[in-house]
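Participant: here is my input, please return the structure:
(2 chains)
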Number of protein chains: 2
Amino acid sequence: MASKWHPDTNPDGMVNLGTAENHLMLNDIADFINSKGLHLEGKDFDYGEGPWGSVRLRKGMAKFINRHFHPFSPVDADELTFANGCTSLFNMLRMTIADPEDGLLLSMPGYIAFPTDFSLLAKMKPVFVPFHGADQFSLDAVTHYEEAYRKAEESGTRIRALMLCNPHNPLGKCYPKETLIALMKFCQQRKVHLLADEVYAMSVYEVPEPSATPFISVLSFDYSRYINRDYLHFIYGMAKDFACGGLRMGALWTKNKELARAVATINQFRWPGQVDERVAAKILEDEEWLDSFLTKSRERLAASNKLARQLMDYAGIGYASGANAGLFFWIDLSPWLNEDDGKDDWEREERLVKRMLENKVFLTNGKGQASERPGFFRPVFSREERMLREGFRRLVNTLEEN
Amino acid sequence: MASKWHPDTNPDGMVNLGTAENHLMLNDIADFINSKGLHLEGKDFDYGEGPWGSVRLRKGMAKFINRHFHPFSPVDADELTFANGCTSLFNMLRMTIADPEDGLLLSMPGYIAFPTDFSLLAKMKPVFVPFHGADQFSLDAVTHYEEAYRKAEESGTRIRALMLCNPHNPLGKCYPKETLIALMKFCQQRKVHLLADEVYAMSVYEVPEPSATPFISVLSFDYSRYINRDYLHFIYGMAKDFACGGLRMGALWTKNKELARAVATINQFRWPGQVDERVAAKILEDEEWLDSFLTKSRERLAASNKLARQLMDYAGIGYASGANAGLFFWIDLSPWLNEDDGKDDWEREERLVKRMLENKVFLTNGKGQASERPGFFRPVFSREERMLREGFRRLVNTLEEN
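Facilitator: The predicted model follows:
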């Protein structure tokens, strides 16, 4: 990719509205660590307690989950396994819960990297679930999971897992409790593992729509009434809510002891670094600071989202309503797909991406995110105001040129 | 494992002479980082430049290699790929240079984790090379590699690579140049990749034997006269020479662009952490400090090795002569294998390990390290004097009880 944009030093650089990083909170994290100091000891450079995360780190994360996810039964440090990022956990989950060519149900649209995380190396087959215009957060969604399940099994693909990304990436919405329960029941009936990725759980912000669904964790109610404990697995990491993608800290929580053991066996190739561990533990342990950090983050996300919406409204660009979570939203650029740009709308979408890059703005488009319809994009708004304005200015310029 | 021994706080804990960590230098690393300070910035918490290591880190490592390994042609930062530890690199190498069930030639004895690194997940078949009493560092060794190659190919296993660990783990010896050249020629002739792991290169210390072979890197002469550049791959990491196992910093150098590209594609699951990267870069960049660190390390290793030899001599335990590298040496406990302890000497060795653990001392035994003969062990001597003395005291007690 071209060199990064900077308002003063590199005004012609690329404005990245594609990567889901929370730029709004990066300095807060750095300042916190710098002010606290790390005070490393000799043993911090050693192999430590192994690749699954030190007791200190796992205790810190368990405490955090128990405080912020309101679990029905408290999460225990022993039930957590760390790896160098959620992406590594997904890869290991595939190797442990499924055989090559087994199917993984993924909502359309879905997080751009899920298919790679599960299929690159691990050879699990992504089975995308279309909703044909139905609301995938409503109870209606289950019919569509059923349909995709049936079709896959009929064509010889055994479905082993359902990936539930809540809050949803790229849609930025949360699932209501009744839908979570319905999906649990579906998984229970079909003996399918439910992988609950809640990596954006603390990035739920205030929006004007009163109908926006608040976040509720799968851990926060007695899920064992709907799904066998061995079939629910919870994934959380520090990349999004903590603005710490660089730390490579992903955690798996599961009650399934055999699965935990299997993951531990192959964890040595996904070993997070020790100094990063110390940093992560320091962050997780300071509750007071963390509370204020998360509050600030939600306020800044709300403000940035508000500005992004205003800019979209002003440009006449439509976006999904009710989004209140994550670092992005889902916008509809299909009216700007140019007939001269290709033989179908997917080609035209691809061409639009190229035009944006020519104008030095980068957004991820729908095709890579398994959008059902062409012309959708996922701008990331967790950027400083100047960058956000400049990015949208370039986006609008691109559309106007079209 | 039982709780760690500490002379004051936990005198009944387990003395670990098994894990190859350089305890002698841990505090020096911690002090250096604490005194320098990390001064983290917001961008240090972001995804950064991707999983293969930042330009800064790769430049630091290239400079280090060029200064200390005396390469015939300078190593370029672009030719390096980082992962979260050498163990992850080995795993990726297997996935890129071979198909499942292809064979990897490994010397007997050999580093305990190579078979796992290459065969767990990656399903490469370890093909052990016995030397039947011949000196595996001499030119004679090649005949034995040839023999193992021929047998494997005859039985249907295609040999794709030879693992060359120089300095050797667990033997603690270096290969002379003529043997390196002979092995290169063998690999060239058989179209076998040569994986040169030089992770102990800077841990070569002074010993009384004038015959001990000094270290020479595969990079330090014009290897392309003997082996195609695409078939030689160099692996180095910071776990041993830098006493930084916790940082998870392993680097692959190769001229084979296709291999580098293939490794880069699957590197996302082996992403080292960003703060660990900053620490690693800081270490690599301070040449003056690093020179004095490495000198100190070699002096302390020499002193510790001298003490360990004295303790062995005093106890009448034999050890391989000419060892001058690494953090361990190879000792012969076969005279203490007790007939009542099992139906053969391998069982008796296993029982001896258990007796040691009962006496709260942990050493790795030969079986797991593909020793040709039973009764050999690899004590790690890079420990503080009190710990080393206590560990050997327990070892000798165990032998006397037998």
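Participant: for stretch A:59-79, how far is the first residue from the last?
Facilitator: 10 Å (C-alpha to C-alpha, to the nearest Å).
Participant: so for it, mean pLDDT?
Facilitator: The average pLDDT for stretch A:59-79 rounds to 97.
Participant: which other residues reach that stretch?
Facilitator: Stretch A:59-79 is contacted from outside by A:53, A:55, A:58, A:80, A:82, A:198, A:201-202, A:217, A:219-223, A:236, A:251, A:253-255, A:260, A:280-281, A:283-285, A:287, A:290, A:294, using C-beta atoms under 8 Å, 6 or more residues apart in numbering or on different chains. For the C-beta atoms, the positions are set from N, CA and C on the backbone; glycine is no exception.
Participant: buried ones in that stretch?
Facilitator: A:59-65, A:68-69, A:71, A:75, A:77, A:79 (16 or more other C-beta atoms under 10 Å in any protein chain shown).
Participant: just put these in TSV and tack on distance to A:His23 and secondary structure.
Facilitator: Shown next, in TSV, are the buried residues of stretch A:59-79 (distance: C-beta to C-beta, whole Å; DSSP: H, G, I helix; E, B strand; the rest coil):
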residue	distance to A:His23	secondary structure
A:Lys59	30	helix
A:Gly60	25	helix
A:Met61	24	helix
A:Ala62	29	helix
A:Lys63	27	helix
A:Phe64	22	helix
A:Ile65	25	helix
A:His68	22	helix
A:Phe69	25	coil
A:Pro71	30	coil
A:Val75	30	coil
A:Ala77	31	helix
A:Glu79	33	helix
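Participant: out of the residues you listed, which comes closest to A:Phe137?
Facilitator: Nearest to A:Phe137, judged by C-beta to C-beta, of the buried residues of stretch A:59-79 is A:Phe69 at 19.3 Å.
Participant: for B:Phe137, see how far away A:Phe392 is.
Facilitator: Per C-beta to C-beta, to the nearest Å, A:Phe392 is found 65 Å from B:Phe137.
Participant: the more surrounded of those two?
Facilitator: Using other C-beta atoms under 10 Å in any protein chain shown as the criterion, A:Phe392 and B:Phe137 rank with A:Phe392 on top: 24 against 20.
Participant: for the more buried one, which non-adjacent residue is closest in space?
Facilitator: A:Leu311 (4.4 Å; C-beta to C-beta, 6 or more residues apart in numbering or on different chains).
Participant: so how far is chain B from that neighbour?
Facilitator: The spacing between A:Leu311 and chain B, counted by C-beta to the nearest C-beta, to the nearest Å, is 24 Å.
Participant: need the three-state assignment for A:Ile266.
Facilitator: Using DSSP: H, G, I helix; E, B strand; the rest coil, the structure places A:Ile266 in helix.
Participant: what about it, neighbour count?
Facilitator: 19.
Participant: so what sits opposite the nearest residue to A:Trp52 once chain neighbours are set aside in the bridge?
Facilitator: Closest residue to A:Trp52 apart from its sequence neighbours, by C-beta to C-beta, 6+ apart: A:Thr81 at 4.8 Å. On the basis of DSSP bridges, A:Thr81 is bridged to A:Leu252.
Participant: quick check, A:Thr81 in contact with A:Asn267.
Facilitator: Yes - using C-beta atoms under 8 Å, A:Thr81 is in contact with A:Asn267, at 6.8 Å.
Participant: need the overlap of contacts for the two.
Facilitator: Common neighbours of A:Thr81 and A:Asn267 (criterion: C-beta under 8 Å, 6+ apart): A:Trp52.
Participant: buried ones in the lengthiest helix in chain A, by neighbour count?
Facilitator: Counting residues, the longest helix found in chain A (DSSP state H) is helix A:287-315. Of the residues in helix A:287-315, A:290, A:293-294, A:297-298, A:300-302, A:304-305, A:307-309, A:311-312 count as buried by neighbour count, 16+ other C-beta under 10 Å.
Participant: by mean pLDDT, which helix or strand of chain A comes out lowest?
Facilitator: Here the helix or strand of chain A ranked lowest by mean pLDDT, DSSP states H and E is helix A:114-119, holding a mean of 72.
Participant: where do the strands sit along chain A?
Facilitator: In chain A, the strands defined using DSSP state E lie at A:15-16, A:80-83, A:103-107, A:125-129, A:159-165, A:193-197, A:232-237, A:250-254, A:318-319, A:331-332, A:361-362, A:364-365, A:376-378.
Participant: nearest to B:Gly245, out of the ones you listed?
Facilitator: strand A:80-83 (16.6 Å).
Participant: tell me the gap between that closest one and the middle of its chain.
Facilitator: Centre-to-centre, strand A:80-83 and its host chain are 17 Å apart (C-alpha atoms, centre = their mean, to the nearest Å).
Participant: helices or strands next to that strand in the packing?
Facilitator: helix A:55-68, helix A:86-97, strand A:250-254, helix A:257-266 (3 or more C-beta pairs under 8 Å, 6 or more residues apart in numbering or on different chains; DSSP states H and E).
Participant: which residues does the last one contact?
Facilitator: Spelled out, it's helix A:257-266. A:51-52, A:79, A:81, A:83, A:89, A:92-93, A:95-97, A:230, A:233, A:252, A:254, B:120-121.
Participant: do the same with stretch A:278-296
Facilitator: A:25, A:28-29, A:32-33, A:36, A:38, A:40, A:44, A:54, A:56-57, A:60-61, A:63-64, A:67-68, A:202, A:238, A:241-242, A:244, A:247, A:249, B:275.
Participant: what sits against the spatially closest residue to A:Ile159 that is not a sequence neighbour?
Facilitator: Excluding the flanking residues, the one nearest A:Ile159 by C-beta to C-beta, 6+ apart is A:Gly103, at 4.4 Å. Contact analysis of A:Gly103 by C-beta under 8 Å, 6+ apart lists A:124-127, A:152, A:157-160.
Participant: got the residues of the stretch 101-250 of chain A near chain B?
Facilitator: The stretch 101-250 of chain A comes close to chain B at residues A:116, A:120-121, A:239, A:243-249, as judged by C-beta under 8 Å from any C-beta of the partner chain.
Participant: okay, now the unreliable bits of chain A?
Facilitator: Low-confidence segments of chain A (pLDDT under 70): A:1-2, A:118-122, A:268-269, A:402.
Participant: break it into its domains for me.
Facilitator: Domains of chain A are assigned by automatic domain parsing as A:15-28+A:289-401, A:42-286.
Participant: ok, back up a step: pretty sure the residue nearest to A:Phe392 is touching A:Arg394, no?
Facilitator: No - using C-beta under 8 Å, A:Leu311 makes no contact with A:Arg394, being 11.6 Å away.
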